[in-house]
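S.K.: This is a predicted model, with the sequence first.
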Amino acid sequence: MAEINDVVYQSSLDINKKPHQVILSKTHLTWEAAVSRTCDGSPSSEPFIANKACRQIPLEELIAVCPEKSLNHSNTPTSARRKLGSPKHDTPLYIEMEPMHPVAFSIYVLNKTPNHKWRKKKVTFFCGEEKLCDTWVVKIKETLSDKRFNRPRSLLVFVNPFGGRRKAPSIYDCQIAPLFELAEIQTHVIKTTHANHAKEILAHYNLRTVDGVVCVGGDGMFTELLNGLLDRRQREAGILQTPQHSPLPPNLRIGIIPAGSTDAIVYTTTGINDPKTSALHIILGDSIGIDVCSIYSGQEFLRYSCSMLSYGYYGDMLKDSESNRWMGPSRYQLAGAKKFLGNRAYEGEVSFRLSSNTETNPKDKVFCVSGCNVCSFSKEKTDQQDSHSTDSITEISHDADGWHRFRGKFLAVASFTMSCRCKLAPIGPSPFCHLGDGTSDIMVVQHCSRIQFLRHLYRCSGTKANQFDFPFIKVFRVKEWSFKATEQKEEMSQSSPGKQNKSRECRTSVWNCDGEVLEQPNLNVRVHCQLVNLFARGIEDFDQERNFSSCCSLCE
Ligand SMILES: CCCCCCCCCCCCC/C=C/[C@@H](O)[C@H](COP(=O)(O)O)NC(C)=O
Ligand SMILES: Nc1ncnc2c1ncn2[C@@H]1O[C@H](COP(=O)(O)OP(=O)(O)O)[C@@H](O)[C@H]1O
Ligand SMILES: [Ca+2]
């Protein structure tokens, strides 16, 4: 076994009835078969192949440790109540046994499976005596509670019983609560009774008693928590929510257990929409800073958002879908098809300030991954005011103040502050968008034929990342932007002028903001780099995962 630094505790313990030397250090739990033996039982002259008999677990991946109350040394489950007497007895006879003192403990280790799905794996250590077992459990728990692991001990959980397929309560009770219990996380669980219930509670709750806030629901429910925490923080700090002020970050991390319709935020921050995976990210204390947009209508603050904000096609689709909430997630497909057939274009002007990160752009083929360099070294963190030159963008007028303007008739205008992966769009409608670079990707779909728009939508649902490669689509990486709808005009009916048949045609759409309708068409939006932290780590490199899962025979 390689030399291990910072040893906290070590002893010989049995795993699968074989003696092992087990070492707890400040960073790892390591075990190695104590004596290697050949097939005939005699000591081997060859050392064990490292990955067959030695296992090293980084403590960041240790989910929990528990004494095994029902195991004795010979690995036979026993019971405190034992059945006696002959099988002929109608009523079995029981005698009370002394409760068993645990002589074994189990650890639950993170098991990364393909497609970013996480599960737990159990390894049991037999100690032979109660005292040694107690010492091991205490030592491991003490080490894991070190601040550097940043694990939550107490959580406030909101369950939205009306989100998605209405399964949030059963998902929480059956899949998530047992995991939190295993990890000894205290929870205060609140089942919401109405929209904005969670936000109301967050306005007054004693947040010092918890280490994080969790929602069991969709993107809309997450956005409620995001707004609740940010509003509270600004109010307490006396920060005005105006376009001239920068919001302060909340002190708590947010966790999302997916139980909504789209679940784009969870998908984009963990790589999958799987409730147990999300719970494990929370238990292990993962943390990632994500960008948040503040949205205003003139000077009036409207709300915060961190995924998709879109006008025209996706706005109309959302508004239409609201009356069909009973359909669950498929309401979006029906409304999407209807609005596609309408092929409605809206006139307006998009203006924006480009990102200071000149080396990146929405088509640069650089995915945001866990530990992403673009996010880590983003210049937007320092809130730089200078935008780089945009000489290559010819159709756009630029002002001396760094603002660029783009006027036209649009089928859709959308800003993506993260790639917004979801089942419908597996690498996201803006695949190279970053979680924490301080920018949003603005997409403008100019008026085009249905077949052209369908080709764009179809490409969004694929994995080639070529949905922007059309002449009628423009994309920009920006740190601030605004939209102004062209003024409505009252139109006199040309067909029957004598009847004075005035018709006011609705020429504006609505905004789809994380699945909520914003009725004000004219918005100004600023991106705040990594303003909130989530219990997640971004999408991990897949090769790394494959290497991990084949590391050890004990794991198989
Ligand atoms: C040929 C048809 C192909 C269709 C591909 C369409 C691409 C879809 C891109 C969807 C982007 C979703 C971004 C996330 C939005 C959510 O915040 C929002 C609300 O999510 P929630 O219902 O709260 O989970 N959902 C929707 C559909 O607007
Ligand atoms: N008990 C409730 N009844 C009705 N609406 C609720 C309730 N709790 C939360 N909401 C609202 O439901 C909206 C959608 O919830 P969400 O969990 O995102 O589901 P979905 O993904 O299906 O839209 C949220 O914006 C939230 O404000
Ligand atoms: Ca971003």
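M.R.: Happy to help now that I have it. Ligands and ions are numbered 1, 2, ... in the order given.

S.K.: Residue 318 versus the residue in the chain positioned nearest to ligand 3, what's the distance?
M.R.: Here the chain gets closest to ligand 3 at one residue, residue 291, 4.1 Å apart by C-beta to the ion. C-beta coordinates here come from the backbone N, C-alpha and C atoms, glycine included. In this view, residue 291 and residue 318 are 22 Å apart by C-beta to C-beta, to the nearest Å.

S.K.: Verify the contact between the residue of the chain closest to ligand 3 and residue 441 for me.
M.R.: No. Using C-beta atoms under 8 Å, residue 291 is not in contact with residue 441; the gap is 11.1 Å.

S.K.: which residues are in contact with both of those two?
M.R.: Among the neighbours of residue 291, none is also in contact with residue 441 (C-beta atoms under 8 Å, 6 or more residues apart in numbering).

S.K.: and the host helix or strand of residue 304, what does it pack onto?
M.R.: Element membership for residue 304 (DSSP states H and E) is strand 300-305. For strand 300-305, the packing partners by 3 or more C-beta pairs under 8 Å, 6 or more residues apart in numbering; DSSP states H and E come out as helix 219-237, strand 288-297, strand 516-518.

S.K.: To ligand 2, which of those lies closest?
M.R.: Among the helices and strands packed on strand 300-305, helix 219-237 comes nearest to ligand 2, with 2.9 Å by C-beta to the nearest ligand atom.

S.K.: report the angle between the axes of the closest one and strand 300-305?
M.R.: Our comparison of helix 219-237 with strand 300-305, counting by axes from the mean of the first three to the mean of the last three C-alpha atoms, to 10 degrees, yields an angle of 120 degrees.

S.K.: right, is stretch 445-461 up against ligand 1?
M.R.: Yes. Using C-beta under 6 Å from any ligand atom, stretch 445-461 reaches ligand 1 at 457-458, 460-461.

S.K.: Buried ones among those?
M.R.: Buried subset of the residues of stretch 445-461 next to ligand 1 (neighbour count, 16 or more other C-beta atoms under 10 Å): 457, 460.

S.K.: Not counting sequence-adjacent ones, nearest residue to residue 427?
M.R.: Nearest residue to residue 427, sequence neighbours excluded (C-beta to C-beta, 6 or more residues apart in numbering): residue 463, at 5.3 Å.

S.K.: Settle this for me: that neighbour is touching residue 426, isn't it.
M.R.: Yes. Shown here, residue 463 and residue 426 form a contact pair, counting by C-beta under 8 Å, at 5.9 Å.

S.K.: quick one: which of these two has more around it?
M.R.: residue 426 (13 against 10; other C-beta atoms under 10 Å).

S.K.: tell me the contacts of that one?
M.R.: Contacts of residue 426 (C-beta under 8 Å, 6+ apart): 461-463.

S.K.: If we use 6 Å, what do you get?
M.R.: residue 463 (C-beta atoms under 6 Å, 6 or more residues apart in numbering).

S.K.: which SS state does it fall under?
M.R.: The three-state label for residue 426, taken from DSSP: H, G, I helix; E, B strand; the rest coil, comes out as coil.

S.K.: Identify the residues contacting the residue sitting nearest the centre point of the chain.
M.R.: Centroid-nearest residue in the chain: residue 266, 3.0 Å away (criterion: C-alpha atoms, centre = their mean). Applying C-beta under 6 Å, 6+ apart, we find residue 266 in contact with 256, 258, 273, 278.

S.K.: if we can go back for a sec, the helices and strands packed on strand 300-305: which one's closest to residue 137?
M.R.: strand 288-297 (30.7 Å; C-beta to C-beta).

S.K.: Give the buried residues for that closest one.
M.R.: Applying 16+ other C-beta under 10 Å to strand 288-297 flags 288-297 as buried.

S.K.: Any stretches of the stretch 351-500 of the chain with poor pLDDT?
M.R.: By pLDDT under 70, the low-scoring segments of the stretch 351-500 of the chain are 382-396, 400, 488-500.

S.K.: how about 90 then?
M.R.: By pLDDT under 90, the weakly predicted segments of the stretch 351-500 of the chain are 356-359, 379-402, 487-500.

S.K.: Around ligand 3, pick out the residues from it.
M.R.: Applying C-beta under 5 Å from the ion, we find that the stretch 351-500 of the chain lies next to ligand 3 at 417, 434, 437.

S.K.: Buried among those residues? Make that a PyMOL selection.
M.R.: In PyMOL, this line selects whichever of those come out buried by 16+ other C-beta under 10 Å:
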select buried, resi 417+434+437
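
S.K.: Could you let me know which of the residues of the stretch 351-500 of the chain next to ligand 3 ends up closest to residue 480?
M.R.: With C-beta to C-beta as the yardstick, the closest approach to residue 480 among these comes from residue 417, at 12.2 Å.

S.K.: residue contacts, that closest one?
M.R.: Here residue 417 is in contact with 291, 293, 306, 440 (criterion: C-beta under 6 Å, 6+ apart).

S.K.: how far away is it from ligand 1?
M.R.: For residue 417, the distance to ligand 1 (C-beta to the nearest ligand atom, to the nearest Å) stands at 11 Å.

S.K.: Who is the closest residue to that residue other than its chain neighbours paired with across the strands?
M.R.: Once flanking residues are discounted, residue 417 sits nearest to residue 440: 4.5 Å by C-beta to C-beta, 6+ apart. Using DSSP bridges, the bridge partners assigned to residue 440 are residue 478.

S.K.: so what's residue 440 up against?
M.R.: 415, 417, 478, 527.

S.K.: which stretch of helix or strand covers the last one?
M.R.: The reference is to residue 527. Counting by DSSP H and E, the element that carries residue 527 is strand 523-534.

S.K.: same deal with the first one?
M.R.: Element membership of residue 415, judged by DSSP H and E, is strand 404-416.

S.K.: Does residue 198 touch residue 158 like I think?
M.R.: Yes. Between residue 198 and residue 158 there is a contact at 4.2 Å, judged by C-beta atoms under 6 Å.

S.K.: Overlap in contacts, those two.
M.R.: Common neighbours of residue 198 and residue 158, counting by C-beta under 6 Å, 6+ apart, are residue 192.

S.K.: With ligand 1 as the reference, measure out to the residue of the stretch 401-550 of the chain at minimum distance from ligand 2.
M.R.: The minimum distance from the stretch 401-550 of the chain to ligand 2, using C-beta to the nearest ligand atom, falls at residue 515 (4.9 Å). For residue 515, the distance to ligand 1 equals 2 Å [C-beta to the nearest ligand atom].

S.K.: Spit out the contact partners of that residue.
M.R.: Residue 515 makes contact with 219-220 under the criterion C-beta under 6 Å, 6+ apart.

S.K.: hmm, try it at 10 Å
M.R.: Residues in contact with residue 515 (C-beta atoms under 10 Å, 6 or more residues apart in numbering) are 163, 218-223, 260-262, 264, 305, 307-308, 314, 318, 321-322, 332.

S.K.: Who are the contact partners of residue 277?
M.R.: The neighbourhood of residue 277, defined by C-beta under 10 Å, 6+ apart, consists of 112-113, 115-119, 257-258, 266, 270-271, 536.

S.K.: switch the cut-off to 7 Å
M.R.: Residue 277 makes contact with 116-118, 270, according to C-beta atoms under 7 Å, 6 or more residues apart in numbering.

S.K.: Residue 311 bridge partners, please.
M.R.: The partner residues for residue 311, given DSSP bridges, come to residue 413, residue 511.

S.K.: One more: residue 121?
M.R.: Bridge pairing for residue 121 - DSSP bridges - gives residue 109.
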